[in-house]
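Asker: From the sequence below, what's the structure:
(one chain, ligands or ions: 1)
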Amino acid sequence: MIKFTIITLFQEALEPYLKTSMMWKAVDKGLAEFEFVNLREFGLGPHRSVDDTPYGGGDGMLLRCEPVFAAIESVKAKDPSAKVILPTPAGEIWNQDMARALALHPGSRPSGPSPRADGANSRAAALRNPPDCKASAHYIILCPHYEGYDERILSLVDYKISLGKYVLTGGELPALIIIDSVVRLIPGVLGGETSAEIESFSDGDNIEYPQYTKPYDFRGMKVPDVLLSGNHGEIAKWREEHSGKA
Ligand code: ADE
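Answerer: Now for the predicted structure:
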């Protein structure tokens, strides 16, 4: 079971996605739990303000320390083991190895190289030592908004994660991407027991081979004949040859 507590000003932007399809099935199966904390409730003054102008001048508003510390402390008061994730363009670039580390070894640090060359070995090891599905973990994702956050907030953060070298308006989309990519890898969430393991990116940077379903001929575009041959050796060879690299 992996629990995500999302600290946000925009719960309504996140909730529909987490109540849909695989994310909701994971909750239904007791494999994931999502909780929201409204940062506004920890805001200051009559307007429950959570932001202010930067010292030294400059455009925009920054998240203040007080509401963020109070919100995180309220979650940690109930579960001191919860780890804090901050989506930020200044973080470590998120990848499949990090998602897998969180899903299969909850509580582990979502970093550290898992080079492609090690992929086969680590998969073999995982098969010998199936992940402990009873392990549990609790991640708090803090979704900043506005132009940024007071640097002192970082003293509470365990993992800074970037979704790429571009800037979004807030942490909500990164939070959804982090959650989706982790939850679908929790053993038992996807239907086929190995589909998450064999598909794209499952060994780091190896892209899955092209796939086809019916009809055989769609507007003149035909399925490669080898896939209809029934020759499993040839099919495996074709798939290997057509697997790309990220
Ligand atoms: N917040 C704003 N931009 C971001 C990015 N690229 N990755 C993670 N968090 C962000």
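Asker: list the contacts for residue 52?
Answerer: Going by CB atoms under 8 Å, 6 or more residues apart in numbering, residue 52 touches 61-62, 64. Every C-beta, even on glycine, is put in place using the N, C-alpha and C of the backbone.
Asker: if you set the cut-off to 6 Å instead, what comes out?
Answerer: Residues in contact with residue 52 (CB atoms under 6 Å, 6 or more residues apart in numbering) are residue 64.
Asker: Specify the beta-bridge partners of it.
Answerer: residue 62 (DSSP bridges).
Asker: ok, residue 156 - contacts?
Answerer: So residue 156 contacts 72, 84 (CB under 6 Å, 6+ apart).
Asker: cool, residue 22 as well?
Answerer: Contacts of residue 22 by CB under 6 Å, 6+ apart are residue 184.
Asker: That one: which element?
Answerer: Taking DSSP states H and E as the definition, one finds residue 22 inside helix 21-28.
Asker: residue nearest the centroid of this protein?
Answerer: For the chain, residue 178 is the residue whose C-alpha lies nearest the centre (CA atoms, centre = their mean; 1.7 Å).
Asker: returning to that earlier point: buried sites along the helix holding residue 22?
Answerer: Going by neighbour count (16 or more other CB atoms under 10 Å), the buried part of helix 21-28 is 23, 25-27.
Asker: Going by distance to the ligand, which of those wins?
Answerer: Checking the buried residues of helix 21-28 against the ligand with CB to the nearest ligand atom, the nearest one is residue 23 at 19.3 Å.
Asker: Give me the pLDDT for that closest one.
Answerer: As predicted, residue 23 sits at a pLDDT of 97.
Asker: Please name the nearest non-neighbouring residue to it.
Answerer: residue 183 (5.9 Å; CB to CB, 6 or more residues apart in numbering).
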